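Student: I'd like to go over a predicted model; first the sequence, then the structure.
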Amino acid sequence: MSALVFSICGEADGCWIAMKSFDFVFILYMMHKIFGITNMLYQALQQKSIDILCAMEQVDIIKSLLQRYRDDGFDTLLSHVELVYDKYSINKPNMDDCYRGHLIRQDDFFTTEHHYRVDVFITAIDSELVEINFRFNDASVELSKFSATLHPTDNLVVQE
């Protein structure tokens, strides 16, 4: 076999090992859920027929769904990931063990569960919420709601 074939086989083996890692499966399932929630908003915003008030309502709904997932979704996510590991007989980390990540000093003691709950799960959802709040801040939402009440056919008279 040539060096190229060995190189490709080595890369494939490395990818397979990475895809079986707890990090990969956990983040894959988490992002699938987050993108599933935010996709509803992005699909609604791409419709040309959607009115501004409906779009702002969608933003509020998505923010509340993300917040609910942040507050209540970790245990469900963890159980889904553990089912995958059980199905394929892959060893999973003990969530009560001390987490030894490359960024944590030896004198910091966090459990593996704390790492996945706080450093990965909550951080990812907070990042999505920050992005949505940045794009749809209170001032722009209020301005959009007020402008939606103006009707150009009535010379911009406010409809009551």
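Tutor: Received it, and whenever you're ready, just let me know what you need.

Student: what is the mean pLDDT for whichever helix in the chain runs longest?
Tutor: The helix that spans the most residues within the chain, counting by DSSP state H, is helix 22-46. For helix 22-46, mean pLDDT is 90.

Student: go on, stretch 53-64?
Tutor: Throughout stretch 53-64, pLDDT has a mean value of 87.

Student: coming back round to it: tell me what the very next helix or strand once past the longest helix of the chain is packed against?
Tutor: Using DSSP states H and E, the helix or strand that follows helix 22-46 in sequence is helix 52-72. Contact analysis of helix 52-72 by 3 or more Cβ pairs under 8 Å, 6 or more residues apart in numbering; DSSP states H and E lists helix 22-46, helix 123-135, helix 138-148 as its packing neighbours. Yep, even glycine has a C-beta here, placed from its N, CA and C like the rest.

Student: and helix 52-72, what's buried?
Tutor: 55, 56, 58, 59, 62, 63, 65, 66, 69, 70 (16 or more other Cβ atoms under 10 Å).

Student: ok, now stretch 22-31?
Tutor: Per 16+ other Cβ under 10 Å, stretch 22-31 contains these buried residues: 22, 25, 26, 27, 29, 30.

Student: dump that stretch to CSV, keeping only the CA atoms.
Tutor: C-alpha atoms of stretch 22-31 as CSV (Å, rounded to 0.1, in the frame of the first residue of the first chain):
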residue,chain,number,x,y,z
PHE,A,22,-18.5,11.7,24.4
ASP,A,23,-17.7,15.4,23.5
PHE,A,24,-18.7,14.8,19.9
VAL,A,25,-21.9,13.0,20.5
PHE,A,26,-23.0,15.3,23.3
ILE,A,27,-22.3,18.5,21.2
LEU,A,28,-23.9,16.9,18.1
TYR,A,29,-27.2,16.1,20.0
MET,A,30,-27.2,19.5,21.7
MET,A,31,-26.6,21.5,18.5
